[in-house]
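> Predicted model and sequence follow; I will ask about them next.
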Amino acid sequence: MADPKDIYIDFASKISFFEFIQDEFRHTNILLDEMREEISLLESKEEWNINDLSDYVKTYPRSFIIFQEVFQLMRFTNAQLIHFVFDVVKLNSLNINGIYEYMILNLKYDLDFRKIYLMTINRTLKYDDFMANIRQYDKRYLVATFKRAISKYIDKIANNFSILEKRIVKSEFDDFSIRFSNYLLSNLNLNEVLDSINIKTYLKNKRIPLDVKGLHGNYPKIKIIKTLESNGYKNIDCLLNEKGIHTLKHDLYQQIDSCVLNNDKIFCTERYIENIIKPRDNKPKKFDLVIFSNHKPKYLFEINFYSTSGTKIGINQNEYIDLNEYIKKNFPNFKFYWITDGNYWLTTDGKARFLNLLNHFDKIFNINIFKEQVNYF
């Protein structure tokens, strides 16, 4: 048997560092041409005060999107949105009657909020019936439901601005524009920011970073897929997607006509295998990569990349050890492998972890070792 230290040295000598081969940013989704008037008026004034800004927000409710894009990376947080939309001081008080009356106001004039509130109590409850019988409810229960509905309403607003837009322009909710304007001027220093940027140019060139963990997770998969394709393997993801196949049977011919599969060297990604579960929770297991042999799924892979240490490594390690033992015991026709890479494995902790893993896995791949041995599959 090969010396574990020699196995580690070979693995470490072929470790890959992260390459920036993916888009790291996306552009903002704001439609600048459609908001030309709002931007022009916003920039035309030298110094905004709370009254003028409040009137501007009510007249041009879509300006909310401009302020959000200027001051936030993605969007205002739910805590900020609650503060803008509702009178938090009133909500936080011990005056149950005051909150109750505020609830009635919101139910009367905000139909979107009303719908969420009523559904929180009963999906079939009608507003007129509710109001006719409101005294039958415990006032504390109604206020608690009010606060629960606020959280649900804010989640909807975060994904659909048109709901908030309808509320902003209503005279019954003038307090929104006042609170929002005060926050922009006092907390976010709107005047100073406007003095330092050209809004249209800034928003046109604003870039939003993509999820770093997602980029690191995709990187080794991209390299592995390129390796397979350059060695004559065909990716059948599109074919499986067209047929709505997310779980593979143990013989692909049971799901796809043999005449369609004109290549013996095939693979797919992100698929479940019939009857193979995660031992710890008994849920179906989705594999990052599946390579077929004689049109049967045979080689099952998990792929990841670690530049630094973290709890995720330990979680993955335990899951994959259990999964490997489970597959060996219950599905001898399948082979499970772990493809892992990244400079974490060059650290002292990474080396110790790798040597321990050799007690549980016949082989551990990194990108370059997979390249060397791709014809084994």
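Good, I have the coordinates.
> What strand or helix carries Asp288?
Assigned by DSSP states H and E, Asp288 belongs to strand 284-293.
> Ignore what I typed, I meant Lys298.
strand 296-305.
> For that strand, list every residue counted as buried.
Across strand 296-305, burial judged by 16 or more other CB atoms under 10 Å covers 297, 299-305. C-beta: built from backbone N, CA, C; applies to glycine.
> Show me what the worst-scoring helix or strand of the chain on mean pLDDT is packed against.
Across the helices and strands of the chain, mean confidence by mean pLDDT, DSSP states H and E is lowest for strand 25-27: a mean of 80. Strand 25-27 makes packing contacts with strand 207-209 when contacts are defined by 3 or more CB pairs under 8 Å, 6 or more residues apart in numbering; DSSP states H and E.
> just checking, what packs against the strand it packs on?
Partner elements for strand 207-209 (3+ CB pairs under 8 Å, 6+ apart): strand 25-27.
> residues making contact with the least confident helix or strand of the chain?
Outside strand 25-27, the residues that touch it by CB atoms under 8 Å, 6 or more residues apart in numbering are 206-210.
> what's the spacing between Leu300 and Leu105?
Leu300 is 58 Å from Leu105, where distance means CB to CB, to the nearest Å.
> For the stretch 1-150 of the chain, which residues score under the pLDDT cut-off?
For the stretch 1-150 of the chain, the stretches flagged by pLDDT under 70 are 1.
> Which residue ranges of it form helices?
4-13, 36-44, 50-59, 63-71, 78-85, 88-91, 96-109, 111-121, 127-132, 139-159 (DSSP state H, counting those that start in this stretch).
> The fourth one packs against which elements?
For helix 63-71, the helices and strands in contact under the criterion 3+ CB pairs under 8 Å, 6+ apart are helix 36-44, helix 50-59, helix 161-168, helix 190-196, helix 199-205.
> which non-adjacent residue is nearest Asp175?
Nearest non-adjacent residue to Asp175, counting by CB to CB, 6 or more residues apart in numbering: Asp87, 6.2 Å away.
> Oops, could you answer that again for Lys296 instead?
Closest to Lys296 by CB to CB, 6+ apart is Asp251, at 5.3 Å.
> Check Lys363 too.
Leaving aside its sequence neighbours, Lys363 sits nearest to Tyr337 (CB to CB, 6+ apart; 6.5 Å).
> I'd say the one you found and Ile369 touch.
No. With contact defined as CB atoms under 8 Å, Tyr337 does not count as touching Ile369 (10.4 Å).
> more crowded one of the two?
Tyr337 (21 against 18; other CB atoms under 10 Å).
> quick revisit: from Phe292, how far off is the residue nearest to Lys296?
When distance is defined by CB to CB, Asp251 is 10 Å away from Phe292.
> quick one: which of these two has more around it?
More crowded of Asp251 and Phe292, by other CB under 10 Å: Phe292, with 23 against 14.
> which residues does the more buried one bridge with?
Pro297 (DSSP bridges).
> how about it, what does it touch?
Phe292 makes contacts with 252, 266-268, 298, as judged by CB under 8 Å, 6+ apart.
> Show me these that map onto strands.
Among the contacts of Phe292, DSSP state E puts 266-268, 298 in strands.
> for those, which one is nearest Asp175?
Comparing the ones in strands among the contacts of Phe292 against Asp175 with CB to CB places Cys268 closest, at 55.0 Å.
> Verify the stated contact: that closest one with Leu240.
Yes. Cys268 is in contact with Leu240 according to CB under 8 Å; the separation is 5.8 Å.
> buried stuff in the least confident helix or strand of the chain?
For strand 25-27, using 16+ other CB under 10 Å, no residue counts as buried.
> For stretch 190-209, output the C-alpha coordinates as CSV.
Extracted in CSV, the C-alpha atoms of stretch 190-209 (Å, rounded to 0.1, in the frame of the first residue of the first chain):
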residue,chain,number,x,y,z
LEU,A,190,-28.3,62.6,1.1
ASN,A,191,-27.2,66.2,0.2
GLU,A,192,-23.5,65.4,0.7
VAL,A,193,-23.8,62.2,-1.4
LEU,A,194,-25.6,64.0,-4.3
ASP,A,195,-22.9,66.7,-4.2
SER,A,196,-20.2,64.1,-4.8
ILE,A,197,-21.7,61.9,-7.6
ASN,A,198,-23.4,62.0,-10.9
ILE,A,199,-26.4,59.7,-10.3
LYS,A,200,-26.9,58.5,-13.8
THR,A,201,-23.2,57.8,-14.4
TYR,A,202,-22.9,56.1,-11.0
LEU,A,203,-25.9,53.8,-11.5
LYS,A,204,-24.9,53.0,-15.1
ASN,A,205,-21.6,51.7,-13.9
LYS,A,206,-22.6,50.3,-10.5
ARG,A,207,-21.7,46.6,-10.2
ILE,A,208,-23.0,44.2,-7.7
PRO,A,209,-20.7,41.4,-6.6
